[in-house]
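# Below is the sequence, then the predicted model.
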Amino acid sequence: MYDIISIGASTVDILVKSDQFVQKDGILGLLYSSKNEISQSLICSGGGASNSSVAFSRLGLKSACVSLLGRDPISEYIMSDFKNEKVDISLLNRPKNEQTDFSVILVVSDGGRSIMTYRGLHRLEERHILWSKIKNTKWLYITSLEGNLDLLEKLIGFAYDHKIKIALNPGNRELSKKRRIIPLLKYVDFFLLNKTESENFFEAKFEDLGFFQKIFNFKPVITAITNGREGAHIFTQGQHFYSPIINTKPVEETGAGDSFGSAFVAALIYGHNPKEALYWGIKNSASVVSALGAKAGLLTLKQVK
């Protein structure tokens, strides 16, 4: 029996930080045909499902990951991390002809970054999932499915039939199909978006007077909206909770949302209320952005308490 199973992407992240990246008018770049110095670098596993499953394991929960990987050399970074972090790998699907997803993350001196992603040959499909095994869990934590709404609907229906709670942190491709997402939200226990995603999804600016009411009308049990260095908001049962970020100097921001969401859900699993869970999420995300990569700063159960 698992406490929680993360479903979605597992990637290899290649992080490169340099003081020589140029930022101007929202553009990050380098002088054409120039040679530049790297101040920090890291190759590690990443992706929403990978990041969250490791976070859950560090927080003392029995976790597993459902992702589509290749059998190429870079996939070994992911497998090694899972084994070291005690994440169950028996639900991974690794076809011989598949190529593992990877991202190149360019990090500037203030911790901001731009990401380039290669998504492999295929996306996660219904046939890749061991349905007889994923029913043995208390929660599903569903991250980006590369726009596969058929699979999302199948997963949510399956969870409902087996009395499994659902956390949903969709990617942009899912959110672009809003009409198919909305009917599913009444079955979702935790719905996580960032500020930009929430404004697009609810078709209102965060500062609008009617924004909060729009969120309550969509019926997930709990909705969380993260806002980068401005903190995070929780909406549940007509209540609104807010927390600023913990004062920390960001090294790199990849994985902030994953670490927030996973710690929040972990707190719920341990029986804490949403207000207490918000603190867990804020503390975990602050720790993650203080280190390079999405996993180095993930907290243990003792640390987050």
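That came through fine. Numbers count the residues shown, from 1 in each chain.

# can you map out the strands along the stretch 151-300 of the chain?
Applying DSSP state E, counting those that start in this stretch to the stretch 151-300 of the chain gives strands spanning 165-168, 190-194, 222-226, 232-236, 239-243.

# So what sits opposite Ile115 in the bridge?
Ile115 has these beta-bridge partners by DSSP bridges: Ile105.

# Name all residues that make contact with it.
Applying C-beta atoms under 8 Å, 6 or more residues apart in numbering, we find Ile115 in contact with Ser103, Val104, Ile105, Leu106, Thr254. For glycine as for every other residue, the C-beta is placed from the backbone atoms N, C-alpha and C.

# What sits closest to the last one if chain neighbours are left out?
Closest residue in space to Thr254, ignoring its immediate chain neighbours: Ala294 at 4.9 Å, by C-beta to C-beta, 6 or more residues apart in numbering.

# before we move on, the earlier item: nearest to Ser67, of the strands of the stretch 151-300 of the chain?
Ser67 sits nearest to strand 165-168 of all those, at 16.3 Å, using C-beta to C-beta.

# on that earlier part again, now the residue nearest to Thr254: how far from Ile105?
Remark: distance between Ala294 and Ile105 (C-beta to C-beta, to the nearest Å) = 9 Å.

# for Tyr32, same thing?
With distances taken as C-beta to C-beta, Tyr32 is found 21 Å from Ile105.

# These two - which one has more neighbours?
Remark: of Tyr32 and Ile105, Ile105 carries more neighbours, 22 against 5, as counted by other C-beta atoms under 10 Å.

# returning to what we had before: will you turn the strands of the stretch 151-300 of the chain into TSV that also has distance to Arg94, mean neighbour count and mean pLDDT?
What follows is these, written out as TSV (distance: least, C-beta to C-beta, whole Å; neighbours: other C-beta atoms under 10 Å; pLDDT from 0 to 100):
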stretch	distance to Arg94	mean neighbour count	mean pLDDT
strand 165-168	25	23	98
strand 190-194	28	23	97
strand 222-226	32	24	96
strand 232-236	35	22	95
strand 239-243	39	14	93
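
# Just put the ones you listed in TSV and tack on distance to Asp150.
As requested, the strands of the stretch 151-300 of the chain are exported to TSV (distance: least, C-beta to C-beta, whole Å):
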stretch	distance to Asp150
strand 165-168	15
strand 190-194	20
strand 222-226	24
strand 232-236	28
strand 239-243	34
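
# circling back: looking at the contacts of Ile115, state which has the most neighbours.
When neighbours are taken as other C-beta under 10 Å, the top entry among those is Thr254 (24 neighbours).

# shouldn't that residue be in contact with Asp13?
Yes - contact criterion C-beta atoms under 8 Å: Thr254 and Asp13 qualify, at 6.8 Å.

# Quick check: neighbours shared by these two?
Gly46, Ile105, Gly293, Ala294.

# between the residues you listed, which is nearest Phe190?
The nearest one, if we look at these relative to Phe190 and count by C-beta to C-beta, is Ala294, at 19.5 Å.

# quick one, what contacts that closest one?
Ala294 sits next to Asp13, Cys44, Gly46, Asn51, Thr254, Gly255, Asp258, Ser259, Val288 when contact means C-beta under 8 Å, 6+ apart.

# Lys177 now?
Neighbour list for Lys177: Gly147, Leu149 [criterion: C-beta under 8 Å, 6+ apart].
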